[in-house]
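Peer 1: With the input below, show me the fold.
(2 chains)
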Amino acid sequence: MESIQFRKPETVDEAVKLLQGADGDARILAGGTDLLVQLRAHMIDPGVIVDIKSIAETRELTKNDDGSYTIGAAVAGAEAHERDDITADWPGVIEAWDLIGSTQIQGRASLGGNLCNASPAGDSVPAMVAAGMTANIAGPDGRRTLPVEKITAGPGKTNLKKGEFIVSFNLPAKPSNGGDAYLRLIPRTEMDIAVVGCGAALTLDESGTVTSAKISLGAVAATVLVVEDAAKAIIGTKLEPEAMSALDAACQAACNPIDDKRGTVEYRTKVAGVLGRRVVSIAANRAGKN
Amino acid sequence: MAKHHISMTLNGEPTEFLCSTRQTLLDVLRDELNLTGSKEGCASGDCGACSVMVDDRLVCSCLVLGAECDGKTVESIEGMADGENLHPLQQKFLEEAALQCGICTPGVLVAAKALLEKNNNPTETEVRYWLAGNLCRCTGYDKIVRAVMSTAADMRGDAK
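Peer 2: As a prediction, this is how the structure comes out:
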C-alpha cells in the first residue's frame, strides 16, 4: 500500500500520459475533499496520484465573449461564489455548489471532483445538468465533449476511459428570459448529504409561458436523472396548478431510489415531487425578473 | 519511492520538509515540523480542528497533501500571535472564556480570523454559517460566536 507516486503535470498531454501509463489505479487530485478521505479509509489504493491543479486550464473561470463560461475542473466553490457575474447569471449552479460542505471544504471542493466522485447525491450535479453544462474531456484519443448527465455510470463509477480526465466545463450563456435553481432536502440545516436534490433551468416568453425547461433529480436513482416528462409537463404552460401537478407526478414517476437511513423509497419519491414544484417556481421567478 | 522535498512559506518563514505521498499537510505540520497547534479531530474534513490558510484560502489541513504544498504559502495557528502579543481574537477568547477543553480552539481561531479579514461586520448568522465546519464537542458555540462578534466590533472601533 505504500509508495504511491505523486505527480503534478503542467500540461494536459502530460497528465493524459501519466494516467494512461499508470501501473494500477491512477487517481486525479483536484480539491482532494473526497480523494483524501478515501485514501485514509483505505477505500482506494492508487499507484499514482495526479494533481491537475498546475494545469492552467483546470483553474480558469472565464466568462467568454458569447456570455458562456468556461469553468476549470479544479476551480474551488469559494472561487466561483466570489464572482458576481456567474452568481448573477446562474444562481442555481452556484447555490448547489455552495451547499457542498463547510467553508473549509468550499476552499477546495471542485465541480470536476463532485461529478467524478459519482455519488448519486452530489449536490452540484443536478444543477449542472439542468443548466445544460458539458464536460471537456482530454484523453489518449484527443479531446471530446459530453453532457454532464453522460459522465456518471453508477455509484462511484464514471464513463471516462483509461487515460481520460475532465479538464473543464462549459456553462452556456444565460438565456435572456432564463432562470435556474437548485434545492435539496436534508434532515439538518447545513452540511449533510441530500435525501433528494432537484435542479431546474427554464425560459419564459413575454407572456410568462414556459418555452423550454430542463429538470434534473439527484439521490433518487443510481445516477442523476434528467426528467424529460417533467419538462414536458410545464412547457407551453404558465405553471398553472394542473401543470404543477403533472410536473410533481412526472418527478415522482422518474424515481427509483434506495431505502436507507436518510429516507425510505416512499419518502424520497414524495419529496422529489415537492422539490420539483418548488425549484421550478423559484427558477420561473428568477426568469421573470430579467 | 523517495520522499518529496517540499519548500513552502509557513507563517512567513521559508520552510522545507520531506514527506511521503500519503502524509497530509496536517501530518507534516505536527509530525515533521513539530507544530502541534493544529489538531486532528476527524481526519475527514468534518470537524475543522486542523484549519489552516493555504494561499489565503481557509482549508482543512487533513484534506491537503504535504506534497501539494510546494511553493504554497501556509498560515497555521502558530503564526497568529505576534510574539508575545496575542491576536485580538485570541485575547477575546481568553477574556470571554470562549473555550472549554480547547481542542477546537486553534481551528476556530484560524477560521474566525479568515472571516474577519473578509468581512469585519458579520451578522451572527454569518458567523454561525462560516464556522459551521468547526465542531466544538463541549457545546461552547454561543460563547465562541459572541467572542467573534465582540472582536469584530473592537476591530472596527465601535463604541461599547
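
Peer 1: Can you name the residue of the stretch 1-150 of chain A nearest to chain B?
Peer 2: The nearest approach of the stretch 1-150 of chain A to chain B comes at residue A:102, 2.2 Å away (CB to the nearest CB). C-beta: built from backbone N, CA, C; applies to glycine.

Peer 1: looking at it, that residue is touching residue B:129, isn't it?
Peer 2: No: checked against CB atoms under 8 Å, the pair residue A:102 and residue B:129 is beyond contact range at 9.1 Å.

Peer 1: quick one: which of the two has more around it?
Peer 2: residue A:102 (25 against 17; other CB atoms under 10 Å in any protein chain shown).

Peer 1: can you tell me which residues contact that one?
Peer 2: With contacts defined as CB atoms under 8 Å, 6 or more residues apart in numbering or on different chains, the neighbours of residue A:102 are A:191, B:45, B:48, B:132-134.

Peer 1: Next, give me the two most distant ones among those residues.
Peer 2: Across these, the two members that end up farthest from each other (CB to CB) are B:45 and B:132, 12.7 Å apart.

Peer 1: Settle it for me: which of those two has more neighbours?
Peer 2: Neighbours per residue, other CB under 10 Å: of residue B:45 and residue B:132, the larger number sits with residue B:45, 26 against 19.

Peer 1: Can you read off the backbone torsions of that one?
Peer 2: The main-chain torsion angles of residue B:45 are listed as degrees, to the nearest 10 and equal phi 80, psi 10.

Peer 1: Quick check: it vs chain A, distance?
Peer 2: Taking CB to the nearest CB, to the nearest Å as the criterion, residue B:45 is separated from chain A by 6 Å.

Peer 1: My guess is that residue contacts residue B:63. True?
Peer 2: Yes: counting by CB under 8 Å, residue B:45 sits close enough to residue B:63 to count as a contact (4.5 Å).

Peer 1: Identify the contacts common to the two.
Peer 2: Counting by CB under 8 Å, 6+ apart, the shared contacts of residue B:45 and residue B:63 are A:33, A:36-37, A:104-105.

Peer 1: so where's chain A uncertain?
Peer 2: Low-confidence regions of chain A, defined here as pLDDT under 70, cover residues A:1-2, A:290.

Peer 1: Setting aside sequence neighbours, what's the nearest residue to the residue nearest the centre of it?
Peer 2: Against the mean C-alpha coordinate of chain A, by CA atoms, centre = their mean, the closest residue is residue A:125 at 2.0 Å. Taking CB to CB, 6 or more residues apart in numbering or on different chains as the measure, residue A:125 lies nearest to residue A:224, with 4.6 Å between them; neighbours along the chain are not counted.

Peer 1: Where does residue B:112 sit, in terms of helix or strand?
Peer 2: Using DSSP states H and E, residue B:112 falls within helix B:105-118.

Peer 1: If we go by neighbour counts, what in that helix is buried?
Peer 2: Using 16 or more other CB atoms under 10 Å in any protein chain shown as the test for burial, helix B:105-118 gives B:105-116.

Peer 1: pLDDT averaged over whichever helix or strand comes after that helix - what is it?
Peer 2: Beyond helix B:105-118 in the direction of the C-terminus, DSSP H and E gives the next helix or strand as helix B:124-130. When pLDDT is averaged along helix B:124-130, the result is 96.

Peer 1: from the chain's centre, how far out does helix B:124-130 sit?
Peer 2: Helix B:124-130 sits 17 Å away from the centroid of its parent chain (CA atoms, centre = their mean, to the nearest Å).

Peer 1: Output it as CSV - backbone C-alpha positions only.
Peer 2: Written as CSV, here are the backbone C-alpha positions of helix B:124-130 (Å, rounded to 0.1, in the frame of the first residue of the first chain):
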residue,chain,number,x,y,z
GLU,B,124,-24.5,36.4,13.9
THR,B,125,-25.9,34.2,11.2
GLU,B,126,-22.9,34.8,9.0
VAL,B,127,-20.6,33.9,11.9
ARG,B,128,-22.5,30.7,12.6
TYR,B,129,-22.5,29.6,8.9
TRP,B,130,-18.9,30.5,8.4
